[in-house]
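Asks: Just a sequence and a predicted model for now, questions to come.
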Amino acid sequence: MLSQVIMYTDGAATGNPGPGGYGVVLLSSHNRKELSDGFRLTTNNRMELLAVIIGLETLKKPGIHITIYSDSKYVVDSVEKGWLLGWEKKGFAKKKNPDLWKRFLLIYRQHKVKFIWIKGHAEIPENECCDRLAVAAAAGKNLQPDVYYESIKDKADMFEK
């Protein structure tokens, strides 16, 4: 029998860029796992994508069927509309967050993943939980650095609207 997982993800940043965090809820059969972490300087889109990456990296074996619910058009459309593969072919030239997209592709290709966009703050319980986890993580103390983001020399290129 094939393993099936439902994943909800969310990211948050205060100030964008600013302190940020992600939240993930993984559901499989009767099991539930919640994940979150915070960073001292990052963007909302980086946290949206990192939530998906961390959720996928948490899975123990390859070949799992995963449905990911996200309120991030950036993440969902990039994958489901095929933009990401075009970016990859062009070496992510002039694209934001290449470090995370490359990391995403490594784990994404190990599973059978389907994304579904959901409206944020629409009283979907698991999405609301992810939002609370992400916001709480962003507000935490002693936040770790988003090393790639903080090391970018020309941060103006990375700022997101």
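Replies: Perfect, thanks for sending it.

Asks: just how off-centre is stretch 47-54 within its chain?
Replies: 2 Å (Cα atoms, centre = their mean, to the nearest Å).

Asks: Just the buried residues of whichever strand or helix holds Val113, please?
Replies: Following DSSP states H and E, one finds Val113 within strand 112-117. Going by neighbour count (16 or more other Cβ atoms under 10 Å), the buried part of strand 112-117 is 113, 115. To be clear about C-beta, it is placed using only N, CA and C from the backbone, and glycine gets the same treatment.

Asks: Restricting to C-alpha, output it in PDB.
Replies: Extracted in PDB, the C-alpha atoms of strand 112-117 (Å, rounded to 0.1, in the frame of the first residue of the first chain):
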ATOM      1  CA  LYS A 112       4.600  12.200  -5.800                       C
ATOM      2  CA  VAL A 113       3.500  15.700  -4.900                       C
ATOM      3  CA  LYS A 114       0.400  17.600  -5.600                       C
ATOM      4  CA  PHE A 115      -0.200  21.200  -4.600                       C
ATOM      5  CA  ILE A 116      -3.500  22.800  -3.800                       C
ATOM      6  CA  TRP A 117      -3.800  26.500  -3.300                       C
END
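
Asks: for that strand, packing partners?
Replies: Contacts defined by 3 or more Cβ pairs under 8 Å, 6 or more residues apart in numbering; DSSP states H and E place strand 112-117 against strand 65-70, helix 73-80.

Asks: Quickly run through the sheet partners of it, with directions.
Replies: Strand 112-117 pairs in its sheet with strand 65-70 (parallel), by DSSP bridges.

Asks: Let me see the residues that make contact with the strand it pairs with.
Replies: Outside strand 65-70, the residues that touch it by Cβ atoms under 8 Å, 6 or more residues apart in numbering are 2-10, 48, 51-52, 55-56, 59, 76, 111-118, 124, 126-127.
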